[in-house]
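> Next comes the sequence, and after it the predicted model I'd like to discuss.
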Amino acid sequence: QVQLVESGGGLVQAGGSLRLSCAASGRTFSTYNMAWFRQAPGKQRDIVAAITWSGGGTVYADSVKGRFTISRDNANNMVYLQMNSLKPEDTAVYSCAAGNRWFRSRPDDYEYWGQGTQVTVSS
């Protein structure tokens, strides 16, 4: 069992930066692959970035490559999403998720979810 709690969202101007954090509880956290998803109003939930259980592999959506960085700290049960050069189209609720299989981009392939944190980018 893994419980996830996101933080770090907020309102930022275009071109700005935010760092999202996902705190995990559970002794098996380090065995899970982790991902960040986002969902804008009226749109489907899409994967933003994912990282393997060891941190040795990462995948990014084309729309965020070169701007976002996913990382994890297994010693402290944390996952991060550093978001730079933010655009209004990045506005969404961002959620972290844990899953056993790699690489999966569908929300249904992830077993555990946080409640999400709102990111709003103004133009």
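Looks like it came in fine. Being a predicted model, the structure only gives us computed values, none of them experimental.
> Mind telling me what element the most centrally placed residue in the chain is part of?
The chain has residue 36 as the residue nearest its centroid, 2.2 Å off, counting by C-alpha atoms, centre = their mean. Residue 36 is part of strand 33-39 when elements are defined by DSSP states H and E.
> pull the CA atoms of that strand into PDB?
Extracted C-alpha coordinates of strand 33-39, given in PDB (Å, rounded to 0.1, in the frame of the first residue of the first chain):
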ATOM      1  CA  ASN A  33       7.800   3.300 -10.900                       C
ATOM      2  CA  MET A  34       6.400   6.800 -10.500                       C
ATOM      3  CA  ALA A  35       4.700   9.300 -12.900                       C
ATOM      4  CA  TRP A  36       3.200  12.700 -13.000                       C
ATOM      5  CA  PHE A  37      -0.100  13.200 -14.900                       C
ATOM      6  CA  ARG A  38      -2.100  16.300 -15.500                       C
ATOM      7  CA  GLN A  39      -5.700  17.000 -16.400                       C
END
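> Flag every buried residue along it.
Using 16 or more other C-beta atoms under 10 Å as the test for burial, strand 33-39 gives 33-38. C-beta coordinates here come from the backbone N, C-alpha and C atoms, glycine included.
> Need these in CSV (columns: pLDDT and distance to residue 102).
CSV is the format used below for the buried residues of strand 33-39 (pLDDT from 0 to 100; distance: C-beta to C-beta, whole Å):
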residue, pLDDT, distance to residue 102
33, 97, 5
34, 98, 10
35, 98, 10
36, 98, 15
37, 98, 16
38, 98, 20
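> hmm, back to that, does the residue nearest to the centre of the chain touch residue 70 like I think?
Yes: contact criterion C-beta atoms under 8 Å: residue 36 and residue 70 qualify, at 6.3 Å.
> shared neighbours of the two, anything?
49-50, 79, 81 (C-beta atoms under 8 Å, 6 or more residues apart in numbering).
> got TSV for these, with distance to residue 115 and neighbour count too?
Converted to TSV, the shared contacts of residue 36 and residue 70 look like this (distance: C-beta to C-beta, whole Å; neighbours: other C-beta atoms under 10 Å):
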residue	distance to residue 115	neighbour count
49	19	23
50	19	23
79	15	28
81	15	27
